[in-house]
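[1] next comes the sequence, and after it the predicted model I'd like to discuss.
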Amino acid sequence: MKVLITGGTGLIGTRLAEMLIDSGYEVALLSREPTKSSHFRSFRWDPRANTIDEAAVPYADYIVNLAGASVSDGKWTDERKRDIMTSRLGGLALLSRELAKDGHHVQAFVSASAIGVYGDTADTVLTEETPPGLPTHDFLADVAHQWELAAEPVAALGIRTVVPRIGIVLSTEGGALPQIARPVKLGAGAALGSGKQYMSWIHLDDLCRLIIAMLEDPAWRGIYNAVAPNPVTNQQFTKTLAQVLHRRLLLPKVPAFGLKLALGEMSDIILASQNVSARKVLAQGFQFEYPELRGALEALYGKG
């Protein structure tokens, strides 16, 4: 079975490709700049120019769409916001155009979204039926909502489409965790803002196992929260991380206004609260290897 991954050189795509290979799949990457040194076959595409290698989609039995500019690389200028949005929508438009053509045998399409779609919701428990946040007030909610809408034309073609709303992905190789851990390792760790905001997280390996389950089992269809079953507050997260790293938390909380001053609108990533339920994924029969935060962090940093 052959899997085509967009965004395959990012944090999730890199690990997913490794785990797919280990599970006996063939993997190819769809990339703007295919590298000859890659372990995987590569096809070229350029969503901005609306071009794609004609052999890419016919190669695949399954497609995993992870393409999109990182929301955490630099302040959200108007130009940066446009890039974050168009990098997601352009790629999906190109894929849906190719999937509408004859001559391919794609059985399933997994297209990433994010729990940011819910907006900042305090301690409300969020399920897949919870309406998206108000996009006029929340850039991340708008991005995720538009991202999901752009996947609907693929589902309309009759291709089984699965949309995982991905939480905070825990890995030492990238994403939010190394940035959160850095001050803690230096003995300068502190809860951010009120510390009461919920963080709905998932270990990178569990996320990749979940995506593979979505590919393999035809029962998976539609939207699922891709989060571990035990979200924690930012204060709990920081305290547990400090314990795993054998560090003390000496500083008071970092005030929200300071984060907003330093990061601008991007501080929403840190300060927004999302208490996201994993009940639907569990009901589908998926078993998490790392359902609890401490176990996930110990697996990443060692028990010490």
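    Done, it's in.

[2] only C-alpha atoms for contact and neighbour calcs from this point on.
    Fine.

[3] which helix or strand in the protein has the lowest average pLDDT?
    helix 256-263 (a mean of 67; mean pLDDT, DSSP states H and E).

[4] hmm, residue 214 is touching residue 162, no?
    Yes. With contact defined as Cα atoms under 8 Å, residue 214 counts as touching residue 162 (6.9 Å).

[5] what sits in contact with each of the two?
    110, 220-221 (Cα atoms under 8 Å, 6 or more residues apart in numbering).

[6] specify which member of those is nearest to residue 302.
    Nearest to residue 302 among the shared contacts of residue 214 and residue 162, counting by Cα to Cα, is residue 110 at 31.9 Å.

[7] which strand or helix spans the closest one?
    Element membership for residue 110, per DSSP states H and E: strand 108-111.

[8] ok, residue 174 touching residue 11?
    Yes. In this structure, residue 174 is within contact of residue 11 by Cα under 8 Å, at 6.3 Å.

[9] which of those two has more residues huddled nearby?
    Neighbours were counted for residue 174 and for residue 11 using other Cα atoms under 10 Å; residue 11 has more, 17 against 13.

[10] ok, the more buried one - contacts?
    173-175.

[11] okay, strands next: where are they in the stretch 51-200 of the chain?
    All strands of the stretch 51-200 of the chain, identified by DSSP state E, counting those that start in this stretch, fall at 51-52, 62-65, 108-111, 113-114, 125-126, 160-166, 168-170, 198-199.

[12] who does the second one pair up with?
    On the basis of DSSP bridges, the sheet neighbours of strand 62-65 come out as strand 2-6 (parallel), strand 108-111 (parallel).

[13] again, but for the fifth one
    Neighbouring strands of strand 125-126 in its sheet, by DSSP bridges, are strand 275-276 (parallel).

[14] contacts for the partner strand next, please.
    Against strand 275-276 from outside (Cα under 8 Å, 6+ apart): 115, 121-127, 198-200, 225, 227, 231-232.

[15] which of these count as buried?
    For the contacts of strand 275-276, a burial check counting by 16 or more other Cα atoms under 10 Å picks out 115, 121, 126-127, 198-200, 225, 227, 231-232.

[16] quick one: the residues you listed as TSV, columns for pLDDT and distance to residue 70 too.
    Output for the buried ones among the contacts of strand 275-276, formatted as TSV (pLDDT from 0 to 100; distance: Cα to Cα, whole Å):
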residue	pLDDT	distance to residue 70
115	95	15
121	92	23
126	97	24
127	97	25
198	96	21
199	94	18
200	97	18
225	98	20
227	98	19
231	98	23
232	97	24
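
[17] burial check on residue 58, number of neighbours?
    17.

[18] who's in contact with it?
    103-106.

[19] for residue 166, same thing?
    For residue 166, the contacting residues are 112-115, 225-227, by Cα under 8 Å, 6+ apart.

[20] before we move on, the earlier item: can you turn the buried part of the contacts of residue 58 into a ChimeraX selection?
    The ChimeraX selection below is limited to those of the contacts of residue 58 classed as buried (16+ other Cα under 10 Å):
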select :104,106
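
[21] noted, bye for now.
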